[in-house]
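Enquirer: no sequence on this one, just coordinates:
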């Protein structure tokens, strides 16, 4: 008869242990650090390692390095209006590119040839572009970036040809 109370205590402790571990696991999930994409280089950067925020038109932007921040300050609209032609991958300016709206989404193209290729089979090109973006998460415009350095303690980056220490300093300027 002594085994029933001990068994109940054992079950209680086991349940408590499981609930505690679940609670810690949920907290770890919520602590995953946010990643930003630099509007200049297209580089994915941990928000804590990014330069910024920089405020433009009441919105905050973060950057891969100080060089990208300076380029953005000089001409923010150029970087905010850039996108990739999903046929050839070329960077295009939304303000001057050929445009097609498909299923309520706008797609931009460098030429009539790319636009026509898309119009012939939009679903295939969209699926191919989605697959490519998952495989290649780093933008080709930032070939100078050091990706995956062995020295994890260093926050020094070479981005877009500019070597700069990244700092998470707030740059509150309004244009």
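Expert: Alright, I've got the coordinates. In this text, all values refer to a predicted model and were calculated from it rather than measured experimentally.
Enquirer: which residues in the protein form strands?
Expert: Shown for the chain, the strands assigned by DSSP state E span residues 35-37, 44-46, 51-56, 59-63, 82-84, 91-93, 98-102, 105-109, 156-159, 162-165.
Enquirer: Next, format those as CSV and append distance to residue 130.
Expert: Using the backbone N, CA and C atoms, a C-beta is placed for each residue, glycine as well. Converted to CSV, these look like this (distance: least, Cβ to Cβ, whole Å):
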stretch, distance to residue 130
strand 35-37, 16
strand 44-46, 17
strand 51-56, 28
strand 59-63, 24
strand 82-84, 12
strand 91-93, 18
strand 98-102, 14
strand 105-109, 12
strand 156-159, 26
strand 162-165, 31
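Enquirer: Columns mean neighbour count, distance to residue 132 and mean pLDDT on top of those strands, output as TSV?
Expert: Listed next are the strands of the chain as TSV, based on neighbours: other Cβ atoms under 10 Å; distance: least, Cβ to Cβ, whole Å; pLDDT from 0 to 100:
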stretch	mean neighbour count	distance to residue 132	mean pLDDT
strand 35-37	16	16	90
strand 44-46	18	15	91
strand 51-56	21	28	93
strand 59-63	20	24	94
strand 82-84	18	10	90
strand 91-93	16	15	91
strand 98-102	13	18	94
strand 105-109	18	14	93
strand 156-159	20	22	46
strand 162-165	15	27	45
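Enquirer: Need the pLDDT of residue 17.
Expert: The per-residue pLDDT reported for residue 17 equals 79.
Enquirer: Of the strands of the chain, which is nearest residue 129?
Expert: Comparison of the strands of the chain against residue 129 by Cβ to Cβ identifies strand 82-84 as nearest, at 7.9 Å.
Enquirer: which residues touch that closest one?
Expert: For strand 82-84, the external contacting residues (Cβ atoms under 8 Å, 6 or more residues apart in numbering) are 90-94, 97, 108, 129.
Enquirer: contacting residues around residue 37?
Expert: 43-45.
Enquirer: got any ranges where this protein has weak pLDDT?
Expert: When residues are selected by pLDDT under 70, those of the chain lie in 1-3, 22-31, 133-175.
Enquirer: I'm done for today, thanks for sticking with me.
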